[in-house]
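*Asks:* 3D model of this:
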Amino acid sequence: MEESITPQTQITPSENPAAKGIPDGLTPAQIVSRLDSYIIGQNKAKRFVAVALRNRQRRIKLPEEIREEVAPKNILMMGPTGVGKTEIARRLAKLCGAPFLKVEATKYTEVGYVGRDVESMVRDLMAVGYNMVKAETQEKLREKAVPMVEESLLDLLLPGSSSKKAKKEAKKPSVHISGNIFGSDAPVQGSLIRIDMPKPGENEEEEIQEAAAKEETPEENKGMSETREKFRAMLREGKLEDRMVDITVHQQPRFGMEMLSGGNPADFEEGIAGLQEMFSGGKSRVKNVSVREARNILMAQTLDRITDSDKVADEAKSRVEQSGIIFIDEIDKIATKGGEGSRQDVSREGVQRDILPIVEGSDVNTKWGVVNTTHILFIGAGAFSVAAPSDLIPELQGRFPLRVELEPLKKEDFKRILTEPKNALVKQYEALLATEGVTLKFTDEAIDRMAFIAEDVNSRAENIGARRLHTIMETVLEDLSFDADRHNGETVTVDRAWVDDRLKDVVKDQNLERYIL
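*Replies:* Numbering: from 1, shown residues only. Prediction:
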């Protein structure tokens, strides 16, 4: 009876490698709170994204037979430029521990045209996942690599003091050439074509045993010369950090088949160069660097050597397939307005048709193996100022069931953007001018006035959202930024009169600029 009530849903994240997406315990409310630290307003969009992220973690904890049936609910975010769509994507990438990639829909072309094919977004996501897992793995191996790096540094400082080189040479017994490569009965004979193969165990075992007998030590650190030990102590005390050493740096060939198949001349040229490097074993060159720099180089080389790349690739592939997220920005630019059939619209529709199987779920070949996209979450975003979501092909529309419209920014939103976020513009400029010894302060009236002008200009001219604040802040502080060195040690207060004086020409000429531009 106990067996009949044992639930199958008792699956912990540790049993499933893909469960390392969102940190367990980070609720949708906490996700929204994290986003609020950088993004003002747009609560509906934040809630949609937070629930989508949390559902990734929930699905991974389900039994396998149910987990495979739960498909991600892709999101389509609509709203004018500068309201926070891209910022949500940027902060999302730092917030979630899952592989995340942001791409521009406009850089892809239909298969058969010059440009990048849509499958490259999956390959790029796999590269992100691989680098993520590799970094985590190497961080765990860093403590193990420290003594190895120390020995390598001592070898550079004292060439020939290590016994590892003799050990390697002892393991390679000399092979003599004898015998006729054409066979013992062949009429062609001669010393130049005789291959001497020694009998197994004739001389090699004696040489290896003799070399091993010379090198056997109870511990790795014992038996070294006093000079090496003195240098080791100096190295640990940091007294040799500025000494220059020669180190051989190996550069792995950068090559991928997508470079040859993308159609982009630059990618093709880089692919040919990478192919040549691959056949030549990669580039290696000797650099003269300080011990401080050599330590970083040797640490990277050592970590690469002791990292199991196959395990990293398997773990990365699992994470990408189970918790990967692709943010497709400017998706409205590939929509065909009103179903018009111009040549350019045909190409745009072709990109949509190519994206469709990726979003639906298909297998994509990467250099780390085949990646299935069925459970990758896709978030599309676009202004849709010219085209509408209904201008996308119906099949693609159906693959983005959740739609959220981001609201245009108002005066109160601009005021909060100027002061509240961790990366607020006011805080940025105060920190920048503080490096020149200038203490910059903004009055509430000045901030209120800049927010009003931003909303007013956006309503009269092109609405570019929060990006309008960058223009306003630069104009307001242009003179002070130019002459900041002359105000060293001073406190400068920006009030409403200061703002009106610097922006009077901008506000007065905005209608004229609209027609001129």
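
*Asks:* quick one: contacts for the residue nearest to the spatial centre of the chain?
*Replies:* Ranked by distance to the mean C-alpha position of the chain (Cα atoms, centre = their mean), the top residue is Val128 at 4.9 Å. Residues in contact with Val128 (Cβ atoms under 8 Å, 6 or more residues apart in numbering) are 99-101. Glycine gets a C-beta too; all of them are placed from N, C-alpha and C.

*Asks:* quick one: low-confidence ranges for the chain?
*Replies:* Along the chain, segments meeting pLDDT under 70 span 1-25, 110-115, 160-225, 251-283, 338-346, 506-517.

*Asks:* Which helix in it has the most residues?
*Replies:* Of all the segments assigned as helix in the chain under DSSP state H, the longest by residue count is helix 120-157.

*Asks:* pretty sure Leu101 is touching Asp124, no?
*Replies:* Yes - counting by Cβ atoms under 8 Å, Leu101 touches Asp124, with 5.5 Å between them.

*Asks:* between the two, which one's more packed in?
*Replies:* Shown here are Leu101 and Asp124; by other Cβ atoms under 10 Å, Leu101 has more neighbours (22 against 18).

*Asks:* so which helix or strand takes in Leu469?
*Replies:* helix 467-476 (DSSP states H and E).

*Asks:* what does that helix contact?
*Replies:* For helix 467-476, contacts defined as Cβ under 8 Å, 6+ apart pick out 81-82, 414, 417-418, 425, 429, 450, 453-454, 457-458, 494, 498-499, 502-503, 506.

*Asks:* ok, of those, which come out buried?
*Replies:* 81-82, 414, 417-418, 425, 429, 450, 453-454, 457-458, 494, 498-499, 502-503 (16 or more other Cβ atoms under 10 Å).

*Asks:* Which residue ranges of the stretch 351-500 of the chain form strands?
*Replies:* Per DSSP state E, counting those that start in this stretch, the stretch 351-500 of the chain carries strands over the ranges 363-366, 369-372, 377-382, 402-405, 439-442, 491-494.

*Asks:* Save those as CSV, and put in distance to Asp246 too.
*Replies:* What follows is the strands of the stretch 351-500 of the chain, written out as CSV (distance: least, Cβ to Cβ, whole Å):
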stretch, distance to Asp246
strand 363-366, 38
strand 369-372, 39
strand 377-382, 49
strand 402-405, 58
strand 439-442, 49
strand 491-494, 52
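
*Asks:* Tell me which of those strands sits nearest to Met234.
*Replies:* Met234 lies closest to strand 439-442 among the strands of the stretch 351-500 of the chain, at 45.6 Å (Cβ to Cβ).

*Asks:* elements contacting that closest one?
*Replies:* Counting contacts by 3 or more Cβ pairs under 8 Å, 6 or more residues apart in numbering; DSSP states H and E, strand 439-442 is packed against helix 425-434, strand 491-494.

*Asks:* Check which residues of that strand are buried.
*Replies:* Within strand 439-442, the residues that count as buried by 16+ other Cβ under 10 Å are 440, 442.

*Asks:* Let me see the residues that make contact with that strand.
*Replies:* Applying Cβ under 8 Å, 6+ apart, the contact partners of strand 439-442 are 426, 429-430, 433-434, 477, 480, 490-494.

*Asks:* Go through the residues you listed and give me the one with the most neighbours.
*Replies:* Val494 (23 neighbours).

*Asks:* quick one: the strands in the stretch 201-350 of the chain?
*Replies:* Under DSSP E, counting those that start in this stretch, the stretch 201-350 of the chain gives strands at 244-251, 283-290, 325-329.

*Asks:* With mean neighbour count and distance to Ser152 as new columns, can the ones you listed be given to me in TSV?
*Replies:* TSV is the format used below for the strands of the stretch 201-350 of the chain (neighbours: other Cβ atoms under 10 Å; distance: least, Cβ to Cβ, whole Å):
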stretch	mean neighbour count	distance to Ser152
strand 244-251	13	9
strand 283-290	11	13
strand 325-329	24	39
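
*Asks:* wait, which of those strands is closest to Leu95?
*Replies:* Distance to Leu95, taken as Cβ to Cβ, is lowest for strand 325-329 among those, at 10.8 Å.

*Asks:* orientation of the closest one relative to strand 377-382 in degrees?
*Replies:* Here strand 325-329 runs at an angle of 10 degrees relative to strand 377-382 (axes from the mean of the first three to the mean of the last three Cα atoms, to 10 degrees).

*Asks:* Okay, now the sheet partners of strand 325-329, with direction.
*Replies:* In the sheet, strand 325-329 lines up against strand 100-104 (parallel), strand 377-382 (parallel) (DSSP bridges).

*Asks:* To Asn55, which of the strands of the stretch 351-500 of the chain lies closest?
*Replies:* Per Cβ to Cβ, nearest to Asn55 of the strands of the stretch 351-500 of the chain: strand 377-382, 8.6 Å.

*Asks:* So which residues lie in contact with that closest one, not counting its own?
*Replies:* Contacts with strand 377-382, where a contact means Cβ under 8 Å, 6+ apart, come from 49, 52, 56, 72, 74-78, 85-86, 89, 105, 324-333, 335, 359, 399-400.

*Asks:* Using PDB, list the CA coordinates for the helix holding Leu469.
*Replies:* Written as PDB, here are the backbone C-alpha positions of helix 467-476 (Å, rounded to 0.1, in the frame of the first residue of the first chain):
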ATOM      1  CA  ARG A 467      16.100  57.800 -24.600                       C
ATOM      2  CA  ARG A 468      14.900  61.400 -24.800                       C
ATOM      3  CA  LEU A 469      16.300  61.900 -21.300                       C
ATOM      4  CA  HIS A 470      19.800  61.200 -22.500                       C
ATOM      5  CA  THR A 471      19.500  64.100 -25.000                       C
ATOM      6  CA  ILE A 472      18.100  66.400 -22.300                       C
ATOM      7  CA  MET A 473      20.700  65.600 -19.700                       C
ATOM      8  CA  GLU A 474      23.600  66.100 -22.200                       C
ATOM      9  CA  THR A 475      22.200  69.400 -23.200                       C
ATOM     10  CA  VAL A 476      21.600  70.600 -19.700                       C
END
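
*Asks:* So which bits of that helix are buried?
*Replies:* Across helix 467-476, burial judged by 16+ other Cβ under 10 Å covers 468-469, 472-473, 475-476.

*Asks:* Dump the helices and strands packed on strand 439-442 to CSV, plus distance to Arg236.
*Replies:* Conversion of the helices and strands packed on strand 439-442 to CSV gives the following (distance: least, Cβ to Cβ, whole Å):
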stretch, distance to Arg236
helix 425-434, 38
strand 491-494, 48
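
*Asks:* so which of the ones you listed gets nearest Val133?
*Replies:* For Val133, the closest of these is helix 425-434, at 33.9 Å, according to Cβ to Cβ.

*Asks:* Report the distance from that closest one to the chain centre.
*Replies:* 28 Å (Cα atoms, centre = their mean, to the nearest Å).

*Asks:* Could you list every helix and strand in contact with it?
*Replies:* With contacts defined as 3+ Cβ pairs under 8 Å, 6+ apart, helix 425-434 has these neighbours: helix 411-419, strand 439-442, helix 467-476, helix 478-482.

*Asks:* Between helix 411-419 and that helix, find me the angle.
*Replies:* Counting by the same axes, to 10 degrees, helix 425-434 lies at 30 degrees to helix 411-419.

*Asks:* For the stretch 1-150 of the chain, which segments count as helices?
*Replies:* In the stretch 1-150 of the chain, the helices defined using DSSP state H, counting those that start in this stretch lie at 28-36, 43-60, 64-67, 85-95, 120-157.

*Asks:* To Val286, which of the ones you listed lies closest?
*Replies:* helix 120-157 (11.2 Å).

*Asks:* From what I see, Glu420 and Gly41 are in contact.
*Replies:* No - taking contacts as Cβ under 8 Å, Glu420 lies outside contact range of Gly41: 10.6 Å.

*Asks:* Against Gln30, how distant is Ala50?
*Replies:* Distance of Ala50 to Gln30, computed by Cβ to Cβ, to the nearest Å: 8 Å.

*Asks:* Between these two, which has more neighbouring residues?
*Replies:* Shown here are Ala50 and Gln30; by other Cβ under 10 Å, Ala50 has more neighbours (23 against 15).
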